[in-house]
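A.B. asks: Below are the sequence and a predicted model; questions follow.
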2 protein chains.
Amino acid sequence: MDRTDLLARLQPEKEKIEQAMHNDLKVLAGLQAGPSQLPEILRHAVFNGGKRIRPLLCILAARLCGSNNEKVYRLAIAFEYLHVATLLHDDVIDHADTRRGLPTVNNAWGLTPAILAGDFLHARSMYMIGRFGGNRCLELINRATEAMVEGEFLQLHNARNYNQSEEDYFAVINGKTALFIGAVCEAGGVLGSDNAEELRALNLYGANLGKAFQIKDDLLDYLGDAAKTGKAVGNDFYEGKMTLPLIHTLQHADIDEKNVLLELLKGDKQERLAHLDKARDIIDRNNGFAYARQLAASLIDDAVASLALFSKVPNKLFRDTLVGLAHYVLSREK
Amino acid sequence: MDRTDLLARLQPEKEKIEQAMHNDLKVLAGLQAGPSQLPEILRHAVFNGGKRIRPLLCILAARLCGSNNEKVYRLAIAFEYLHVATLLHDDVIDHADTRRGLPTVNNAWGLTPAILAGDFLHARSMYMIGRFGGNRCLELINRATEAMVEGEFLQLHNARNYNQSEEDYFAVINGKTALFIGAVCEAGGVLGSDNAEELRALNLYGANLGKAFQIKDDLLDYLGDAAKTGKAVGNDFYEGKMTLPLIHTLQHADIDEKNVLLELLKGDKQERLAHLDKARDIIDRNNGFAYARQLAASLIDDAVASLALFSKVPNKLFRDTLVGLAHYVLSREK
């Protein structure tokens, strides 16, 4: 499935997702008529041009497992709400001013509304997961949410550790991203199947796709086109954030190059920004980008391989779409 | 039931609640062996000398409705977790340094761990409510959590409105406290009964008790003994917070006294602290405290009256305990 076909295939589902969120938030806003800014804040946070990867994965996984149930859209948007809830709190924690070119909620409305709006979406999301996915989905997502918080704590713990290993890096991205995306795929599958092998395969697909997605994010941060990504290039390095290309380089560069990087990492942000090109050259020379690219590609291969199980003909279109989506993760420019 | 009997009656249940939380958090800490500070933070936040009013109400309501199910303890502690999650975020929002004489999580560990630990308990709580209470409880609590966030937004909106009415005040405390406590009582009842009238009565009991509880908090803040409450006297006034005694006084005092209070409210905190006695005198002269006391008492009467439904003999002890708990809310000194 080439990219044009993939996007054409996903577009109607994406529209249904947007519609389901509009309907849901409209009902909420009706319940909450009053002077509160909450409905406005929720609209700002939810309709932010997101790619809707999580709900799309949930829907495709459900369809692949033979579910025609329309409630999959309600379950799917719960995962987007949960994702937006974590972004709202992340932006508070990171003191972020903009997201996708728009002011963050903490910037435009303040810290308190941002924390509270995140709590609101979190509660609503859990309720919808229980209602439309049942206890099994609730348990899956709960475990993933616990891991997400755990990943954040691990990231805090590793923050100034310039000696961290690939293993440390994967422990964080597993918790923060991969386990949740795996759980979302499995939760979609639960709507149509109770075959343990199928559900495990979907979870594995999602977790590997999640890891590759995160590594691709790391690569785009150094090498992307700001006009396309909507983020300043080099932001991770500016913030002193340890991502895979940098970790690989610090582990493999010779002592001189390693010291240049360490000097910059321990110095101030402005200086790092001024030397971004130099850092990028060192990483490139030490195959930091090539290594990350290769690892992401191999994770995508693993993700695709775990779908081999679903080779029955009626599923072919959904499987092809999930395969296409996995490849898109690697080729995406934003 | 006098106070000694009541406390003797509640003590074994309170111990079971503490034990259930210890067991639950021990399992979690086992899952999360690693460098994370999360287990330590959770213990600090959860075992803080709380009164455990919410879990106690849940258990008593379940027993009153004839449930002997042991899973009520797991459901009950989910409500305490949710309460602690809101306290963690409230303390971030209020920049609070201490709670019950101990440093807050945001003070001891920082803003990020406090937000994340709140998110963790929130997720765990929702999962346990779904698992041990089912979808009906999840829906009840979801609606209450949405109302809680809405109440916080309303409070933000009213923050500098010195002209606010009793109605504004009740809209906030309904959302922030009363609906949740009502939902907790109803959720406990759901474990043993599907009689709509009984469940409505329990919800009403909890909501009225919750409102009275909040008003009593307002009174203790002006008139309590800091050695018993563990909070500085006059803190609400110091923060310029509009509570019932003050709202009543601003609505009923003559123009001179009203202006004195408004002057103080618009001034700086230190000045308010220095004039706390003067403010207290004005409130007292205008029956602000007496009015609040009377209103709380009448809410407790309403709470007790809604239990009349449960007059069958096998329930008598549980009903008496709930009645005793309601009266305790009025007489408590901390």
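C.D. replies: Looks like it arrived, so ask away.
A.B. asks: from here on, contacts and neighbour counts on C-alpha atoms
C.D. replies: OK.
A.B. asks: Those residues of chain A touching chain B, which are they?
C.D. replies: For chain A, the residues in contact with chain B (Cα under 8 Å from any Cα of the partner chain) are A:32, A:35-38, A:89, A:93, A:111-113, A:115-117, A:119-120, A:122-124, A:126-127, A:130-131, A:135, A:138-139, A:142, A:145-146, A:149-150, A:152-154, A:157.
A.B. asks: List only buried entries from those.
C.D. replies: Buried members of the residues of chain A next to chain B, scored by 16 or more other Cα atoms under 10 Å in any protein chain shown, are A:32, A:36-38, A:89, A:93, A:111-113, A:115-117, A:119-120, A:122-124, A:126-127, A:130-131, A:135, A:138-139, A:142, A:145-146, A:149-150, A:152-154.
A.B. asks: so of the residues you listed, which ones are in helices?
C.D. replies: Among those, DSSP state H puts A:38, A:89, A:93, A:111-113, A:115-117, A:119-120, A:122-124, A:126-127, A:130-131, A:135, A:138-139, A:142, A:145-146, A:149-150, A:152-154 in helices.
A.B. asks: Local confidence estimate at residue A:34?
C.D. replies: Listed pLDDT for residue A:34 reads 64.
A.B. asks: can you check the one 3 residues further on too?
C.D. replies: Note on residue A:37: pLDDT of 87.
A.B. asks: How about the contacts made by it?
C.D. replies: Counting by Cα atoms under 8 Å, 6 or more residues apart in numbering or on different chains, residue A:37 makes contact with residue B:153.
A.B. asks: Could you give me the buried positions within the helix or strand encompassing residue A:218?
C.D. replies: Assignment of secondary structure by DSSP states H and E places residue A:218 within helix A:196-223. Neighbour counts using 16+ other Cα under 10 Å place A:198-222 of helix A:196-223 among the buried residues.
A.B. asks: Strands along chain A, start to end?
C.D. replies: Along chain A, counting by DSSP state E, strands occupy A:98-99, A:102-103.
A.B. asks: partners of the first one in the sheet?
C.D. replies: By that I understand strand A:98-99. Using DSSP bridges, strand A:98-99 pairs in its sheet with strand A:102-103 (antiparallel).
A.B. asks: and for the partner strand, what are the contacting residues?
C.D. replies: Contacts to strand A:102-103, defined as Cα under 8 Å, 6+ apart, come from residues residue A:97.
A.B. asks: Could you write out the alpha-carbon coordinates of the helix or strand bottoming out on mean pLDDT in chain A in CSV?
C.D. replies: Ranked by mean pLDDT, DSSP states H and E, the weakest helix or strand in chain A is helix A:226-229, scoring a mean of 83. What follows is helix A:226-229, C-alpha atoms only, in CSV (Å, rounded to 0.1, in the frame of the first residue of the first chain):
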residue,chain,number,x,y,z
ALA,A,226,10.9,22.8,11.0
ALA,A,227,8.4,24.0,8.4
LYS,A,228,7.0,20.4,8.2
THR,A,229,7.4,19.2,11.8
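A.B. asks: So which of the strands of chain A is nearest residue A:229?
C.D. replies: strand A:98-99 (10.7 Å; Cα to Cα).
A.B. asks: Please identify the buried residues of the least confident helix or strand of chain A?
C.D. replies: By 16+ other Cα under 10 Å, the buried positions in helix A:226-229 come out as residue A:229.
A.B. asks: Distance from the chain centre to it, please.
C.D. replies: From the chain centre to the centre of helix A:226-229 is a distance of 18 Å (Cα atoms, centre = their mean, to the nearest Å).
A.B. asks: got it, and stretch A:181-197?
C.D. replies: On Cα atoms, centre = their mean, the centre of stretch A:181-197 falls 18 Å from the chain's centre.
A.B. asks: now swap in stretch A:284-304 and tell me
C.D. replies: With Cα atoms, centre = their mean as the basis, the mean position of stretch A:284-304 lies at 18 Å from the chain mean.
A.B. asks: again with stretch A:251-265
C.D. replies: For stretch A:251-265, the distance to the chain centre is 30 Å (Cα atoms, centre = their mean).
A.B. asks: Check the gap between the nearest residue to residue A:100 once chain neighbours are set aside and residue A:221 for me.
C.D. replies: What sits nearest to residue A:100 in space, not counting adjacent residues and going by Cα to Cα, 6 or more residues apart in numbering or on different chains, is residue A:230, at 5.5 Å. Per Cα to Cα, to the nearest Å, residue A:230 is found 10 Å from residue A:221.
A.B. asks: which residues does residue A:325 contact?
C.D. replies: Contacts of residue A:325 by Cα under 8 Å, 6+ apart are residue A:6.
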